[in-house]
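J.: I'll drop the sequence and a predicted model, then ask my questions.
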Amino acid sequence: MFPGAHKLAFVLAVTSGLTLLSLKRSDEPTLYCANVNGGADAYRILVIGESWASDGNILPELPRAVSKRLEGRGVQACSLGFAGRNSRLLYGELREKFPKYKLYRVFEDKKPDKVILMNGVNDAIQHVGASAYVEYSKKLVEYFADVDDVEIISIPRVNERNFRPPNFYSALKRSILSCFYDDCERQVNDKYRIALWRDHPDLNTLEYDAFIDRYEGHERCYTRDGVHLTDEYFHKYGEFIGGAVSLGKAAPAVK
């Protein structure tokens, strides 16, 4: 066997075992909706993401900001959050638990006018590799091929360097995967972002940096774990998204 092959085989075996053990999470996704101004002709927004999309964190500010841009038109926004899932797990669970015919029931069986994807934080802090982030981000976009306006938000700036996993198992897995996929680098946000831009420059992308351009110097905006915004800044983030996303033919984007 060539030099280093034993080491590579060992790392592959450990990585595969850790990956298999993390295929399922017991906590269920959360779905929250908010309506602003009502009306039969309400503009429909569906947000899909990780914990940043959970528990209605960005509601009702997001639909309120969109309604303002649409001169008071009614806006219905629903946010489906898969806490702790990287893009691969999010995509698999979305397809399994929320096929589109079921998901669109929240809009009375109408497809959304707008889909916003908020994934990537867990990809970066779990070190799943840039190629996996790119592959499943693209698959998430393609899953909503029937929607005219799908937009993905670039990976938010979080405290990647000093993030502390919740337990020893998570820390061990993160350490192994960071060396296997990311050359033992802890801060990979830009690496993953650039990979997505390089491979899919056609994607409609909203830059998180227009909200917060770096973690350092903005620690007050985040909770103690460094990977979630405070309640105050989550609501500010919802307002930012509502004011910055593209709205197709309904209104021009403000970026």
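T.: Cool, got the structure. Residues are numbered from 1 along each chain as shown.

J.: from here on, just use CA atoms for contacts and neighbour counts.
T.: Noted.

J.: let me see the ranges of the strands in the stretch 1-150 of the chain.
T.: Secondary structure of the stretch 1-150 of the chain (DSSP state E, counting those that start in this stretch): strands at 30-36, 43-49, 75-81, 114-118, 150-153.

J.: okay, these, which one's buried deepest?
T.: Highest mean neighbour count of the strands of the stretch 1-150 of the chain: strand 75-81, a mean of 26 (counted as mean count of other C-alpha atoms under 10 Å).

J.: who does that one pair up with?
T.: Here strand 75-81 has these sheet partners by DSSP bridges: strand 30-36 (antiparallel), strand 43-49 (parallel).

J.: now do that strand against strand 114-118, angle only.
T.: 30 degrees (axes from the mean of the first three to the mean of the last three C-alpha atoms, to 10 degrees).

J.: I'd like the mean pLDDT over strand 75-81, please.
T.: Strand 75-81 carries an average pLDDT of 98.

J.: can you tell me the closest non-neighbouring residue to residue 250?
T.: Nearest residue to residue 250, sequence neighbours excluded (C-alpha to C-alpha, 6 or more residues apart in numbering): residue 70, at 7.1 Å.

J.: pull up the per-residue confidence for the one you found.
T.: Note for residue 70: predicted pLDDT of 97.

J.: right, and it touches residue 248 too?
T.: No: the pair residue 70 and residue 248 does not pass the contact test of C-alpha atoms under 8 Å, sitting 11.5 Å apart.

J.: compare neighbour counts for the two and give me the winner.
T.: Shown here are residue 70 and residue 248; by other C-alpha atoms under 10 Å, residue 70 has more neighbours (16 against 13).
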